[in-house]
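Student: only geometry, no sequence info:
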């Protein structure tokens, strides 16, 4: 499978040569037939009457040529009127691109034709540019034969300066998304707690206003972070806590981000079924998303103070694994009765949440592939968000709607506490079959010193490869990076 590395530039004129293809957009409506006929006439396109009628009737795209140059005409149908249209369609186009193509001219659509969907023109063009990168993405580094070539992509527009500004921002956002996807797609024999932390050091060391600290097992023992140590105790690879700090000189607000970093989850003693266990290499998708978002925060120079804590552990079976029935003392001093060793994510998050809470940030967000219950409830179309703060919930949901990394708010009612009540410890790590995503959130709530400005986002469904869109179908998705970047960019 050939992989394209897009080289995107903004220009006023398309390049017309036999190995180039020009993409243009036609908005569905009363003028669709007239627009198509004018396009055919202006460009002397070779198209049969049957192709024309098919495109006007049901087809979403039409490939044709004028004998010397190739064209792809994309049609927006009424059923597709949402802000994911350009991201989705552009992804699909580049996914299916012929290997012989060297140049693509994308005629940028006019914002006023789509302002009912995109109130902000920058959002339209950013979504389209994201689609280029998503469509070209392949995780194929382990193929013995893989071909990579540069693909020139011309964004053709009269608004060169404003489009270049959007392209620059989008390039920075995509860098974080691709970092998260690369981390989550790597196999667990490559990315483990030690190598993940080494990657963090490599990426962030030397970046402006940024520091990195890695807590090894000696430091974790010194701090009495029993949650991370217990979950990681069964693996030959020791656990880590990676802490990334970014301090902008003009920052007014402070934020803490926490991402679940279980680099492989066998379930431990409470072992998972063999089917699809390989997906559990991506049980660190929360940590991957936070890492990608932190890269974006630094590159975009957001005026914030941010601390990110990544509890990294591998949940394995061995003679040193923690067991059902064990009582774990966490960094907070609170004790946890282990009912099921496969409910390990909340235990490592407990230490990290208490750690960042100690710095009294204005907002605390955690991302985690925490429960299958969240995926059962919402499928792969949305993540579950839990918070007591209505304003915080509304802002996160709005950002998710804009980036198409959608959130659905779930309750945090205190009545669910009885399901995680323990007779032998402060709290039990599971709450039974029903309401599993909620009881997991209630567990985490006990390890946040002030939950008024805290939100937990369970990304178990959309973080894993799924068929909901063209850009999530094959590889781990990097869900949450664009959501966090947008939310924090608005947090002034």
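Tutor: All right, it came through fine. These numbers were taken from a predicted model, which means no experiment stands behind them.
Student: now the longest helix along the chain, how far from the chain's geometric center?
Tutor: When the chain is parsed with DSSP state H, its longest helix is helix 160-185. Centroid separation between helix 160-185 and its chain, computed with CA atoms, centre = their mean, to the nearest Å, is 12 Å.
Student: Buried residues, it. List them.
Tutor: Of the residues in helix 160-185, those buried under the neighbour-count criterion (16 or more other CB atoms under 10 Å) are 163, 166-167, 169-170, 172-185. (Each C-beta comes from the backbone N, C-alpha and C, glycine too.)
Student: Next SSE downstream of it?
Tutor: Using DSSP states H and E, the helix or strand that follows helix 160-185 in sequence is helix 193-204.
Student: distance of residue 148 from residue 138?
Tutor: 9 Å (CB to CB, to the nearest Å).
Student: so what sits against both of those two?
Tutor: Contact with both residue 148 and residue 138 is made by residues residue 3, according to CB atoms under 8 Å, 6 or more residues apart in numbering.
Student: which of those two has more neighbours?
Tutor: With other CB atoms under 10 Å as the criterion, residue 148 and residue 138 differ in neighbour count, and residue 138 comes out ahead with 15 against 11.
Student: Low-confidence ranges, this protein, go.
Tutor: 1-2, 492 (pLDDT under 70).
Student: Could you report the neighbour count for the closest residue to residue 165 other than its chain neighbours?
Tutor: Among residues not flanking residue 165 along the chain, residue 122 sits closest, at 8.0 Å (CB to CB, 6 or more residues apart in numbering). Residues near residue 122, counting by other CB under 10 Å, number 15.
Student: Also residue 218?
Tutor: There are 9 residues near residue 218, going by other CB under 10 Å.
Student: Same check on residue 114?
Tutor: With other CB under 10 Å as criterion, residue 114 counts 19.
Student: Contacts only, for the closest residue in space to it that isn't next to it in sequence.
Tutor: Distances taken as CB to CB, 6+ apart place residue 124 nearest to residue 114, at 6.0 Å, with adjacent residues excluded. By CB under 8 Å, 6+ apart, the contact set of residue 124 is 83, 86, 109, 111, 114, 117-118.
Student: Doesn't residue 124 lie inside a helix?
Tutor: Yes. When DSSP: H, G, I helix; E, B strand; the rest coil is applied, residue 124 is found to be in a helix.
Student: pretty sure residue 25 is in a strand, no?
Tutor: Yes. Using three-state DSSP, the assignment for residue 25 is a strand.
Student: what's the next secondary structure element after the longest strand belonging to the chain?
Tutor: Longest strand in the chain, counting residues (DSSP state E): strand 304-315. In the C-terminal direction, the helix or strand that comes right after strand 304-315 (DSSP H and E) is strand 327-329.
Student: So what sits opposite residue 72 in the bridge?
Tutor: residue 23, residue 63 (DSSP bridges).
Student: separation between it and residue 24?
Tutor: 8 Å.
Student: next one: residue 330
Tutor: From residue 330 over to residue 24 the distance is 58 Å, taken as CB to CB.
Student: same check, this time on residue 278
Tutor: Per CB to CB, residue 278 is found 42 Å from residue 24.
Student: of the two, who's got more company?
Tutor: The neighbour comparison of residue 278 against residue 24 (other CB under 10 Å) goes to residue 24, with 18 against 11.
Student: wait, what's in contact with the more buried one?
Tutor: Residues near residue 24 by CB under 8 Å, 6+ apart: 39, 71-74, 107.
Student: Over to residue 175?
Tutor: Shown in contact with residue 175 (CB under 8 Å, 6+ apart): 292, 295-296, 299.
Student: mind running it again at 10 Å?
Tutor: By CB atoms under 10 Å, 6 or more residues apart in numbering, the residues touching residue 175 are 133, 203, 292, 295-296, 299, 481.
Student: Just the terminal-to-terminal distance for stretch 95-102.
Tutor: Stretch 95-102 has its terminal residues 14 Å apart, counting by CA to CA, to the nearest Å.
Student: In that stretch, which residues are buried?
Tutor: Neighbour-count burial for stretch 95-102, counted by 16+ other CB under 10 Å, picks out 95, 97, 101-102.
Student: do stretch 229-243 as well
Tutor: Applying a neighbour-count criterion of 16+ other CB under 10 Å, one finds 229-235, 237-243 buried in stretch 229-243.
Student: now that stretch: how far from the chain's centre is it?
Tutor: 24 Å.
Student: and if you look at stretch 99-116?
Tutor: 24 Å.
Student: Strands of the stretch 1-150 of the chain, residue ranges please.
Tutor: Per DSSP state E, counting those that start in this stretch, the stretch 1-150 of the chain carries strands over the ranges 3-11, 20-27, 61-65, 70-76, 103-107, 148-156.
Student: what does the fifth one contact?
Tutor: Right, strand 103-107. Applying CB under 10 Å, 6+ apart, the external contacts of strand 103-107 come out as 4, 6-8, 11, 13-17, 19-25, 69-72, 74, 86, 90, 93-94, 97, 128-129, 131-132, 151-157.
Student: Give me the buried entries from those.
Tutor: 4, 6, 8, 14-15, 20-25, 69-72, 74, 86, 90, 93-94, 97, 128-129, 131-132, 151-157.
Student: I'd like to know the beta-bridge partner residues of residue 336.
Tutor: residue 328, residue 427.
Student: Report the contact partners of it.
Tutor: Contact partners of residue 336, counting by CB under 10 Å, 6+ apart, are 226-227, 230, 326-330, 343, 346-347, 350, 420, 422, 425-429, 443, 446-447.
Student: same thing with residue 331?
Tutor: 220, 223-229, 241, 350-355, 358, 447.
Student: Please name every helix or strand in contact with the helix or strand containing residue 374.
Tutor: Element membership for residue 374, per DSSP H and E: helix 372-378. Judged by 3 or more CB pairs under 10 Å, 6 or more residues apart in numbering; DSSP states H and E, helix 372-378 is in contact with strand 383-387, strand 407-409, helix 436-445, strand 454-458.
Student: Now with 6 Å, please.
Tutor: The helices and strands touching helix 372-378, judged by 3 or more CB pairs under 6 Å, 6 or more residues apart in numbering; DSSP states H and E, are helix 436-445.
Student: Distance from the helix it packs on to the middle of the chain?
Tutor: With CA atoms, centre = their mean, you get 22 Å for helix 436-445.
Student: any residues touching that helix, and which ones?
Tutor: Outside helix 436-445, the residues that touch it by CB atoms under 6 Å, 6 or more residues apart in numbering are 346, 349, 370-371, 373-374, 384, 386, 416-417, 419-420, 431, 451, 456, 458.
Student: does residue 289 belong to a helix or a strand, and which?
Tutor: Counting by DSSP H and E, residue 289 is part of helix 285-299.
Student: Now do that helix against strand 454-458, angle only.
Tutor: Counting by axes from the mean of the first three to the mean of the last three CA atoms, to 10 degrees, helix 285-299 lies at 120 degrees to strand 454-458.
Student: Buried residues, helix 285-299. List them.
Tutor: Result for helix 285-299 [16+ other CB under 10 Å]: buried residues 285-299.
Student: can you list the residues that contact it?
Tutor: 172-173, 176-177, 179-180, 183-184, 207, 210, 244, 246, 257, 259-261, 306, 308, 310, 367-369, 463, 480-481, 484-485.
Student: Could you do stretch 391-400 as well?
Tutor: In contact with stretch 391-400 (CB under 6 Å, 6+ apart) are residues 385, 387, 406-407, 409, 455, 483, 486-487.
Student: Report the contact partners of the closest residue to residue 232 other than its chain neighbours.
Tutor: The shortest distance from residue 232 to any non-neighbouring residue, by CB to CB, 6+ apart, is to residue 239 (3.0 Å). With contact set as CB under 6 Å, 6+ apart, residue 239 has these partners: 193, 228, 232, 313.
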